[in-house]
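1. dropping a prediction and its sequence here:
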Amino acid sequence: FFIFLLSCYVNSYTEIDLKKIKKKLRCMTCQNQSIYDSDADFSKDIKKIIVQKLESGHTEKEIIKFLVERYGEYIVFEPQMNIKNYFLWFLYLFLAGFFFILLRLIKDIYINFSSRINKPSDAQLIDNLKLAGIDFSSEPDKITVQKGVFNIDRNLIFPKSKKLVLSPGVNFLLDTGTSILIQSDLLANGTKEEPVNIKRLSEEKPFGVFAVIGQEKMANVRLNNFHISGGGESSINGVHFLGQLSIHNSEVRINDSSVKGSSSDDGINIRNSKVLITNSLFESNFADQIDLDFCDGTLSNNFFKFNTEAAVSKDPNGDGLDVSGSKVIVEGNIFEGFLDKALSIGESSNVLLRDNSFKENLRAITVKDGSNAFILDNAFEDNSYDFSLYIKKRFYPEPKIYLNSEIQGQSKATQIKNKLKSVNMLTT
């Protein structure tokens with residue numbers, strides 16, 4: 001009876017030890033499977049060797065050493081601690097320590113970057129306006145900047161607790177690299193006789209940006225007889241703004257205004273907003289005149305023009321209107337003289353175009369990356385291509401254009417530069 005119990009204990013111990021060793025070894029004819037999990041012939045042979053060694057009284061360490069000497073280091077999942085592998089272990093520990101320190105230093109780089117910025121209180125921001133020589137009145141719910149010419153040589157941030165009103169005749173002249181950030185509603189209430197102007201102070205170098213960003217809720221932005229020129233792009237308060245006029249997370253209405261002569265990627269960049277832009281001029285900005293990212297709205301009766309003589313610099317990839325991830329109506333606009341695309345529609349946008357004029361552009365209308373363009377009663381004159389379709393980002397489906405059944409004075413066969421068979425004719 002004692003011998004039977006001893007025999008059971010030894011067999012049980014052997015099975016536990018056997019399983020432990022099998023899990024540490026790799027099947028060299030399988031795809032990343034352990035000897036324990038594999039039924040391959042190689043694994044069966046290794047299992048026999050392990051049993052034989054255990055029955056002969058060899059330890060786990062001795063068995064693994066034997067197999068490594070026969071089959072090489074690859075047979076074990078974890079590198080052995082020996083002279084050959086000291087460098088690998090040291091490198092692993094060094095990299096682990098390096099990344100630990102790096103993460104401690106920059107753990108907030110994306111998720112919580114803004115928390116590292118020293119954000120002054122509203123009272124401090126108002127004091128900064130006084131120091132900058134801005135003539136304004138402050139009420140509980142708004143700040144009103146009075147008519148005048150103001151030279152701005154430092155970044156100005158307006159408090160998010162108060163609406164900003166720019167009176168007719170306000171002129172901000174911004175020094176090189178200097179920006180203005182508005183974190184609340186904005187009313188630029190210019191008139192034809194006394195517009196609101198944002199210009200650069202230097203004759204040669206651009207200012208930063210004039211930016212509006214909605215915080216907890218969408219900002220209400222109204223620009224009437226508002227004219228901006230000579231800006232660039234900049235980061236302020238932890239946000240990078242790509243247009244000399246940048247508006248994020250807002251309800252935007254722009255009328256009788258102009259955006260000209262920027263050196264930034266976009267003359268005006270609007271993101272995550274609702275837009276109504278009418279009767280305005282967008283001319284000779286460096287690349288795109290308007291860039292709409294994830295917006296809904298309407299653009300009507302505007303003039304988009306690229307004047308190579310007036311432009312600060314010339315980007316052959318610049319567009320008149322660049323629409324991404326948006327749903328917009330584009331009607332009654334004029335697009336003229338663009339070296340690339342007058343209208344670029346991408347990233348699953350849906351755009352209705354009617355009564356627009358496209359003249360002397362390389363490509364009048366370009367549709368790409370899963371977007372749909374509904375093209376009704378537009379005029380085309382002296383464009384190299386009236387229509388182009390292609391996929392730029394391969395994870396998007398084919399784009400499509402829908403044309404009215406009669407295109408006056410044009411031949412569909414000759415006017416469409418179409419790399420995809422995705423043209424549909426609308427019938428009345």
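-> Ah, there it is.
2. what's the spacing between the most centrally placed residue in the chain and D175?
-> Residue closest to the mean C-alpha point of the chain, counted by CA atoms, centre = their mean, is D293 at 8.9 Å. According to CB to CB, to the nearest Å, D293 and D175 sit 29 Å apart. (Glycine included, C-beta is placed from N, CA and C.)
3. so who does E347 touch?
-> When contacts are counted by CB atoms under 8 Å, 6 or more residues apart in numbering, E347 is found next to S324, G325, D369, G370, S371, K393, Y396.
4. redo that, cut-off 7 Å
-> For E347, the contact set (CB atoms under 7 Å, 6 or more residues apart in numbering) comprises S324, G325, D369, S371.
5. now it: phi and psi?
-> phi 60, psi 60 (degrees, to the nearest 10).
6. equivalent analysis for I46, please.
-> Torsion angles, degrees, to the nearest 10, at I46: phi -70, psi -40.
7. next one: it relative to E55, how far apart?
-> From I46 to E55 the distance is 15 Å (CB to CB).
8. one more: I268?
-> 81 Å.
9. just want to know which of those two has more residues nearby.
-> Neighbour count, other CB atoms under 10 Å: between I268 and E55, I268 has more, with 29 against 10.
10. dump the residue contacts of that one.
-> I268 touches G243, L245, V259, I290, counting by CB under 7 Å, 6+ apart.
11. before we move on, what about V145?
-> Going by CB under 7 Å, 6+ apart, V145 touches I134, D135, F136, V165, L166, S167, V170.
12. still on that earlier bit, list the contacts for the residue nearest to the centre of the chain?
-> R271, S324, G325.
13. let's see it at 8 Å
-> By CB under 8 Å, 6+ apart, the neighbours of D293 are N269, I270, R271, N272, S324, G325, S326.
14. so the second one makes contact with L292?
-> This means I270. Yes: between I270 and L292 a contact is recorded at 5.4 Å, counting by CB atoms under 8 Å.
15. please state the offset of the helix or strand in which I375 is found from the chain centre?
-> Per DSSP states H and E, I375 falls inside strand 372-376. Its chain's C-alpha centre lies 26 Å from the corresponding centre of strand 372-376 when counted by CA atoms, centre = their mean, to the nearest Å.
16. quick one: the helices in the stretch 301-428 of the chain, in order.
-> 412-415 (DSSP state H, counting those that start in this stretch).
17. so I49 belongs to a helix, correct?
-> Yes: under DSSP: H, G, I helix; E, B strand; the rest coil, I49 falls within a helix.
18. I'd assumed L67 was in contact with it.
-> Yes: the criterion here is CB under 8 Å, and I49 meets it with L67 at 7.3 Å.
19. more crowded one of these two?
-> More neighbours surround L67 than the other of I49 and L67, with 20 against 13 (other CB under 10 Å).
20. chain neighbours aside, what residue packs nearest to that one?
-> I75 (5.5 Å; CB to CB, 6 or more residues apart in numbering).
21. and that neighbour, how far from S43?
-> Applying CB to CB to I75 and S43 gives a distance of 11 Å.
22. which helix or strand in the protein has the lowest average pLDDT?
-> The weakest-scoring helix or strand in the chain, judged by mean pLDDT, DSSP states H and E, is helix 412-415 (a mean of 48).
23. just the element for K44, please.
-> Judged by DSSP H and E, K44 forms part of helix 41-55.
24. send the alpha carbons of the very next helix or strand once past that helix over as PDB?
-> Using DSSP H and E, the next helix or strand after helix 41-55 towards the C-terminus is helix 60-71. Extracted in PDB, the C-alpha atoms of helix 60-71 (Å, rounded to 0.1, in the frame of the first residue of the first chain):
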ATOM      1  CA  GLU A  60      14.000  20.700 -16.100                       C
ATOM      2  CA  LYS A  61      17.100  22.900 -16.600                       C
ATOM      3  CA  GLU A  62      19.200  20.000 -17.900                       C
ATOM      4  CA  ILE A  63      16.500  18.900 -20.300                       C
ATOM      5  CA  ILE A  64      16.000  22.400 -21.800                       C
ATOM      6  CA  LYS A  65      19.800  22.800 -22.100                       C
ATOM      7  CA  PHE A  66      20.100  19.500 -23.900                       C
ATOM      8  CA  LEU A  67      17.300  20.400 -26.400                       C
ATOM      9  CA  VAL A  68      18.800  23.900 -27.000                       C
ATOM     10  CA  GLU A  69      22.200  22.400 -27.700                       C
ATOM     11  CA  ARG A  70      20.600  20.000 -30.200                       C
ATOM     12  CA  TYR A  71      18.000  22.300 -31.900                       C
END
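25. what's helix 60-71 in contact with?
-> With CB under 8 Å, 6+ apart as the criterion, helix 60-71 contacts 17, 20-21, 24-25, 28, 46, 49-50, 53-54, 58, 75-76, 80.
26. list the buried residues in that helix.
-> Using 16 or more other CB atoms under 10 Å as the burial criterion, the residues of helix 60-71 that qualify are I63, I64, L67, V68.
27. sorry, back to before: average pLDDT for the helix holding K44?
-> For helix 41-55, mean pLDDT is 83.
28. contact partners of that helix?
-> Identification of contacts with helix 41-55 by CB under 8 Å, 6+ apart yields 14, 17-18, 21-22, 25, 27-30, 33, 35, 62-63, 66-67.
29. 7 Å instead, please
-> With CB under 7 Å, 6+ apart as the test, helix 41-55 has contacts from T14, D17, L18, I21, K22, L25, C27, M28, T29, I35, I63, F66.
30. quick check: closest non-adjacent residue to S246.
-> Nearest in space to S246, with sequence neighbours left out and distances taken as CB to CB, 6+ apart, is A211 at 4.3 Å.
31. count of neighbours near the one you found?
-> The burial count for A211: 27, using other CB under 10 Å.
32. looks like it contacts N249 (just checking).
-> No: in this structure A211 lies outside contact range of N249 using CB atoms under 7 Å: 11.4 Å.
33. quick one: low-confidence parts of the stretch 301-428 of the chain?
-> 308-317, 405-428 (pLDDT under 70).
34. in it, which spans are strands?
-> Here the stretch 301-428 of the chain has its strands, by DSSP state E, counting those that start in this stretch, at 303-305, 319-324, 327-331, 334-336, 341-346, 350-354, 357-359, 363-368, 372-376, 379-381, 385-390, 400-404, 416-418, 423-426.
35. so can I have CSV of those showing mean neighbour count?
-> Compiled in CSV, the strands of the stretch 301-428 of the chain are given as follows (neighbours: other CB atoms under 10 Å):
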stretch, mean neighbour count
strand 303-305, 21
strand 319-324, 26
strand 327-331, 19
strand 334-336, 22
strand 341-346, 27
strand 350-354, 19
strand 357-359, 20
strand 363-368, 26
strand 372-376, 19
strand 379-381, 16
strand 385-390, 20
strand 400-404, 19
strand 416-418, 17
strand 423-426, 13
